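Visitor: give me a model of this one.
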Amino acid sequence: MDFKKHPQERNKLADQVRINEEQWSSKRSAYKNCYQAAKRATPFQKADNKLTERMFHILVKHVKQHAQAQTVKSNKVCIEIDYKPHPLNVELIHSIQTAQCYFGLKCNMWNHYKIEYHFCNCTYEMELNKLIKTLALTDCMELFKFATSYTNFHNRSLQVQPERFITLL
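Guide: Below is the predicted model:
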C-alpha cells in the first residue's frame, strides 16, 4: 500500500480525532503527577527523575535514528507526543511509537518517573536494549502490555491521533 505520510491516512476516524483535539483544548485541567513530583519529591528523587527524563530523550533520539534507517516505509512512521501541555493527562509526560516499538515516560502518584516500553518484531531491539543498559535505565523500565496486539494499537493510534503528532522520518 502506498501512502504519503502514514498507512492509515485514508482511514482516519474523524470523530475520534476531534475528541482528541477537544481534550487538548480543554479548559479543565488535571494536576499532573510530574508537577507534584517537582514540588514534593525528595531531593534525591527529583535528581533521579531529572536524570531519567534526560536519558529518556536520548533513547527517543536513537529510536528516531533507527526508524529513519528502516527500508520499509511504514516502519519510518513515528508518533511522538509531548503530554506536558495536555490539560487532562495526569501520568504520561512524553511518548514515542513506531511500527516496531513504543516508549513512554510517565510519573506515577508516588513521584517516580518510569519508562514504559514495548517491542514488536523490532529489528533494532538489540541496539536499544544495549543503549538502555549503557544508560543504566533498566531499573526504571516497565514492560507495557497492550490490551490488543501492538500492531492494532499502533494502527489505531495512526487513525485517531491528530496529524501534527505523526511524522514520516
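
Visitor: would you tell me which helix is longest in the chain?
Guide: When secondary structure is assigned using DSSP state H, the longest helix within the chain turns out to be helix 43-68.

Visitor: could you list the buried residues of it?
Guide: 46, 48-49, 52-53, 55-56, 59-60, 62-64, 66-67 (16 or more other C-beta atoms under 10 Å). Just so you know, the C-beta spots here come from the backbone N, C-alpha and C atoms, and that holds for glycine as well.

Visitor: other SSEs contacting that helix?
Guide: Using 3 or more C-beta pairs under 8 Å, 6 or more residues apart in numbering; DSSP states H and E, the elements in contact with helix 43-68 are helix 33-40, strand 77-82, strand 92-97, strand 101-107, strand 113-119, helix 125-134.

Visitor: let me have the ones you listed in a markdown table, extended by mean pLDDT and mean neighbour count.
Guide: Output for the helices and strands packed on helix 43-68, formatted as a markdown table (pLDDT from 0 to 100; neighbours: other C-beta atoms under 10 Å):
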| stretch | mean pLDDT | mean neighbour count |
| --- | --- | --- |
| helix 33-40 | 94 | 16 |
| strand 77-82 | 96 | 19 |
| strand 92-97 | 98 | 22 |
| strand 101-107 | 97 | 23 |
| strand 113-119 | 97 | 20 |
| helix 125-134 | 94 | 14 |
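
Visitor: quick one, which of those gets closest to Arg164.
Guide: Shortest separation from Arg164 across the helices and strands packed on helix 43-68 is recorded for strand 77-82, at 9.4 Å, computed as C-beta to C-beta.

Visitor: quick check: angle from that closest one to strand 92-97?
Guide: What separates the directions of strand 77-82 and strand 92-97 is an angle of 170 degrees, with axes from the mean of the first three to the mean of the last three C-alpha atoms, to 10 degrees.

Visitor: adjacent strands (with direction) for strand 77-82?
Guide: strand 92-97 (antiparallel), strand 166-168 (antiparallel) (DSSP bridges).

Visitor: contacting residues around that strand?
Guide: 5-7, 60, 63-64, 67, 93-99, 154, 157-158, 161, 165-169 (C-beta atoms under 8 Å, 6 or more residues apart in numbering).
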